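1. Predicted coordinates and the sequence they were generated for:
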Protein chains: 2
Amino acid sequence: MQVESRRTQAERRAETRGLLLTAARKLFAERGFAETGTPDIVAAAGVTRGALYHHFADKTALFAAVVEAEHAAVAQGIEAAGDAMPTDPVAALLAGGNAFFAAMRDEGRRRILLVDAPAVLGRAALDEIDARHGLETLVCGLRDAMDAGAIRRLPVEPLAQLFGALFDRAALAPVERQAEFQQAMAAMVEGLRA
Amino acid sequence: MQVESRRTQAERRAETRGLLLTAARKLFAERGFAETGTPDIVAAAGVTRGALYHHFADKTALFAAVVEAEHAAVAQGIEAAGDAMPTDPVAALLAGGNAFFAAMRDEGRRRILLVDAPAVLGRAALDEIDARHGLETLVCGLRDAMDAGAIRRLPVEPLAQLFGALFDRAALAPVERQAEFQQAMAAMVEGLRA
DNA sequence: TGAATTAACATACAGGCTGTATGTATGCAA
DNA sequence: TTGCATACATACAGCCTGTATGTTAATTCA
């Protein structure tokens, strides 16, 4: 097995870390955090528990890494849609919301980010992650809209948090009611017009 | 101890059940579901694990009972405030929100209902509990407001769910930002006026 | 009223999971 | 090439959950 051995340490490290993250993401998405054991994860990743605890402090830290990655993916999806944004600030907010919903189509992602993460990591830690990725975009969108005089001037960050809660909840709605939720969402956004 | 023995079975049952529920509520509130073991609970209640598993199918069922009780308490607090409701439907909605915030002052209650419950019981089960207690009031308030022509006509249940999400999120805000959140909340409610 | 039945627990046990401690092999640096 | 650190693998201890079994007291029924 000399061929395998001729890898640099950084390569080995990156590979096992990646295997662990993808295996964990898959199982956390399917069964949730509490119902997924570390033996399951390492078996799916093809490594041992020793590797897991070498790379992550504990099971929660692994979960946090998965959450971070999912969050980044969502943010990236929204950023990508941001290239073709409407000029009207309110319309832009709604477009951003649609991009969010598109990113949240995946049920496993909803489970990880919206159901398990708050309980496992705590609201505070999750808000901190959120602040690093998604929230900033939303805050900017709202501030732009306010500066343009399109919506009422209100405390920006709290408003952004509330919007986040609305989007999270709407994303969690059953598919067949999705349309109604979107309608109600749109009305609430429109209601903020100055 | 013949004096103790002269209790009917229903009395014994009710007492131990009550002891278990109060002990569990206290520990779940302080440490959360995952960090609270059944040995801790029965020790605090002064009974044995046998009693716990005689009264509840498992740890999750005990937690569900605690959630149910907390939910009922919140609903009762809102109902009580409902006696002195403003005639304006929108003002009534805001008043109901304030009653909700008052009921949610307790940090342990927030942890149980807003942080742990969704992950432990799942959104679906939690929605079902919610439908039995709090949601109905909110739905009625919104429908009244719509019928009175005070707010726009929108799908009622989705709107109620979204409102619930807003209230939950606002209740979770740090104390020093509570005022800003309330301001933003009020603006969103006002925005729905017809 | 007393014998049988059942409810309400208490005790004991088996299995699994988490985190840690220890052992080993490989890349790397001097 | 020798020593060291990194990247794991293995082994172990402790705890926790759920269940199976045993015991006591209340209830029922003949």
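-> Sure, I can see it. This is a predicted model, so every value here is computed, not measured.

2. Start from the N-terminal end of chain A and give the strands.
-> Read by DSSP state E, chain A holds no strands at all.

3. What separation do you get for the nearest residue to A:Arg13 once chain neighbours are set aside and A:Ala117?
-> In space, and not counting its chain neighbours, A:Arg13 is closest to A:His55: 7.8 Å by CB to CB, 6 or more residues apart in numbering or on different chains. All C-beta atoms are positioned from the backbone trio N, CA, C, and that covers glycine. With distances defined as CB to CB, to the nearest Å, the gap from A:His55 to A:Ala117 amounts to 20 Å.

4. Before we move on, what's the pLDDT of the closest residue in space to A:Phe167 that isn't next to it in sequence?
-> Using CB to CB, 6+ apart and skipping the chain neighbours, the partner closest in space to A:Phe167 is A:Phe100 (5.3 Å). The confidence metric pLDDT takes the value 95 at A:Phe100.

5. burial of A:Phe100, as a residue count?
-> Residues lying near A:Phe100 (other CB atoms under 10 Å in any protein chain shown) number 23.

6. That one against A:Leu166, yeah?
-> No. Taking CB atoms under 8 Å as the definition, A:Phe100 is not a contact partner of A:Leu166, at 10.4 Å.

7. Kindly report the residues of chain A close to DNA strand C.
-> Chain A has residues A:1, A:5-10, A:36-40, A:49-50, A:53, A:58-60 near DNA strand C, with proximity defined as CB under 7 Å from any atom of the strand.

8. Would you mind checking those residues for buried ones?
-> Of the members of the residues of chain A next to DNA strand C, the ones counted as buried by neighbours, 16 or more other CB atoms under 10 Å in any protein chain shown, are A:Thr36, A:Thr38, A:Lys59.

9. from what I can see the second one touches A:Leu52, true?
-> Yes. Proximity of A:Thr38 to A:Leu52 meets the contact threshold set by CB under 8 Å, at 5.9 Å.

10. Next, the distance between the ends of stretch A:96-115.
-> According to CA to CA, to the nearest Å, stretch A:96-115 extends 22 Å from its N-terminal end residue to its C-terminal end residue.

11. Check the gap between the closest residue to A:Gly141 other than its chain neighbours and DNA strand D for me.
-> By the measure of CB to CB, 6+ apart, the closest residue to A:Gly141 outside its immediate chain neighbours is A:Leu93, 5.2 Å from it. In this structure, A:Leu93 and DNA strand D are 43 Å apart, going by CB to the nearest atom of the strand, to the nearest Å.
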